[in-house]
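Visitor: Curious how this folds, go ahead:
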Amino acid sequence: MKGYRLWVIGLAALALVGCKHESKRQYWDAEMTPQQVEIVRFDQALLAVQEETVAQDIRQLYKAYPEFMPVWVENIVGISSKDTAFLEKQLPLFLNDTVYGFKQTNALEKETFADISDLQQSINQAFTRIKYLYPEWEIPTLYLFISGFQMPIYQEEEWIGVGADMYLGSDYPYYNYVVYEYQKQTMRKECIPVDVVSAYLFRNIDYTSAKNRLLEQMIYRGKIMYLTAQLFDALPGYEVMGWTKEQWDWSVANEEAIWHFMMDQRALYKTEHLVISNYLNDAPFTSEVSQESPGRLGIWMGWRIVESYMENNEDVSLQDLMAEGDAQKILEESQYKP
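Guide: The predicted structure is shown next:
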């Protein structure tokens, strides 16, 4: 299957304001078999390339990373993976350019990701829980790579690549030239586990509804968000969402008004692409609602509905929830009343 790029959709929160996610349901067995996710340090190998030995170093990269290196060359450097002569000229520029900040960024990446023990632990825990739920799913290999400010996540069939230079801190000055202000919130090292796992879940859990109303899109995303929140149940809700605490507080304070507005507008049953994207896509605010609102508010509302559904239907397992394609049923049986 062809790989794809994505700016990972952040996930909403289920907790009380400012608190970590608190679910009344308990899904995890203490006897789960621990999973060890392999994290390949392609970033370190790439940054070890020297201009004086670039031809030899490139040959070594192709030998050491036969699956990843060709994909990286074609999608990041933007040339044919067979054109090694041109790559020998381009790679030193990619690693050492100071005009676009690559050299400075690469140095910071090397420092920031010198220790990835916390990252490893968090990802291991999440995939231990995933494997407990879905033992037939294959655990992917993770590759840390340098993206040249192009992408945080790249996913293929058996592996997930993480553009580590996209996670150097929300206040990193060079991000001002490549992303919008509202996107910086999730450009932190600690955001990687949620981004990786949510990308993996979206790939493995299909959208099965024949309908394409806002409701179906909200519930589909809400289901995956609910699962992700359980996998990272120690994280504050706004962190899982990719929001600030202030954005989360605003949403909780206005939840009832937002819901009544959506009901008055019959928004759940609209199929127009523009309406759906306004509620679900990453943006500085949810334009259908208010310029004071955070973006992706429809996703957050979908998660709230799913949470209510699970709390009011204790016989429904996480696997049952993921397999349920009837969004109208979930809405009706959720007894959601903000």
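
Visitor: how about the helices in the stretch 51-200 of the chain?
Guide: In the stretch 51-200 of the chain, the helices defined using DSSP state H, counting those that start in this stretch lie at 54-64, 68-72, 84-96, 102-112, 117-133, 192-204.

Visitor: ok, Gly242 to Leu268 distance?
Guide: Per CB to CB, to the nearest Å, Gly242 is found 23 Å from Leu268. In this view, the C-beta of every residue, glycine as well, is placed from N, C-alpha and C.

Visitor: My read is that Trp300 contacts Trp250, right?
Guide: No. Shown here, Trp300 and Trp250 do not form a contact pair, counting by CB atoms under 8 Å, at 10.9 Å.

Visitor: Neighbour count: these two, which is higher?
Guide: Set Trp300 next to Trp250 and count neighbours by other CB atoms under 10 Å: Trp300 wins out with 32 against 19.

Visitor: what about that one, which helix or strand?
Guide: helix 297-311 (DSSP states H and E).

Visitor: Where does pLDDT dip in the stretch 1-150 of the chain?
Guide: Within the stretch 1-150 of the chain, the ranges that satisfy pLDDT under 70 run 1-24.

Visitor: do that again at 50, thanks
Guide: Within the stretch 1-150 of the chain, the ranges that satisfy pLDDT under 50 run 1-22.

Visitor: Tell me how this structure divides into domains.
Guide: 20-203, 208-334 (automatic domain parsing).

Visitor: which of the ones you listed sits most buried?
Guide: Highest mean neighbour count of these: domain 208-334, a mean of 19 (counted as mean count of other CB atoms under 10 Å).

Visitor: From one end of that one to the other, what's the distance?
Guide: By CA to CA, to the nearest Å, the extent of domain 208-334 from end to end equals 20 Å.

Visitor: How far off centre is it?
Guide: Computed by CA atoms, centre = their mean, to the nearest Å, the separation of domain 208-334 from the middle of its chain amounts to 16 Å.

Visitor: joint contacts of Trp300 and Trp250?
Guide: Common neighbours of Trp300 and Trp250 (criterion: CB atoms under 8 Å, 6 or more residues apart in numbering): Pro294.

Visitor: Just the CA trace of the helix holding Trp300, in PDB.
Guide: Taking C-alpha atoms only, helix 297-311 is exported to PDB below (Å, rounded to 0.1, in the frame of the first residue of the first chain):
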ATOM      1  CA  LEU A 297     -14.700  21.500  17.700                       C
ATOM      2  CA  GLY A 298     -16.900  19.000  15.900                       C
ATOM      3  CA  ILE A 299     -14.300  16.300  16.600                       C
ATOM      4  CA  TRP A 300     -14.400  17.200  20.300                       C
ATOM      5  CA  MET A 301     -18.200  17.000  20.400                       C
ATOM      6  CA  GLY A 302     -18.100  13.600  18.700                       C
ATOM      7  CA  TRP A 303     -15.800  12.400  21.400                       C
ATOM      8  CA  ARG A 304     -18.100  13.700  24.100                       C
ATOM      9  CA  ILE A 305     -21.000  11.900  22.600                       C
ATOM     10  CA  VAL A 306     -19.000   8.600  22.400                       C
ATOM     11  CA  GLU A 307     -17.900   9.000  26.000                       C
ATOM     12  CA  SER A 308     -21.500   9.400  27.100                       C
ATOM     13  CA  TYR A 309     -22.400   6.300  25.000                       C
ATOM     14  CA  MET A 310     -19.800   4.200  26.700                       C
ATOM     15  CA  GLU A 311     -20.700   5.300  30.200                       C
END
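
Visitor: and that helix, what other elements does it pack with?
Guide: Applying 3 or more CB pairs under 8 Å, 6 or more residues apart in numbering; DSSP states H and E, one finds that helix 297-311 contacts helix 214-231, helix 255-264, helix 273-280, helix 318-323, helix 327-334.

Visitor: any chance of these in JSON lines, plus distance to Tyr180 and mean pLDDT?
Guide: Below are these laid out as JSON lines (distance: least, CB to CB, whole Å; pLDDT from 0 to 100):
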{"stretch": "helix 214-231", "distance to Tyr180": "21", "mean pLDDT": "96"}
{"stretch": "helix 255-264", "distance to Tyr180": "23", "mean pLDDT": "96"}
{"stretch": "helix 273-280", "distance to Tyr180": "16", "mean pLDDT": "96"}
{"stretch": "helix 318-323", "distance to Tyr180": "32", "mean pLDDT": "97"}
{"stretch": "helix 327-334", "distance to Tyr180": "31", "mean pLDDT": "97"}
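
Visitor: Tell me what angle the helix holding Trp300 forms with helix 273-280.
Guide: 70 degrees (axes from the mean of the first three to the mean of the last three CA atoms, to 10 degrees).
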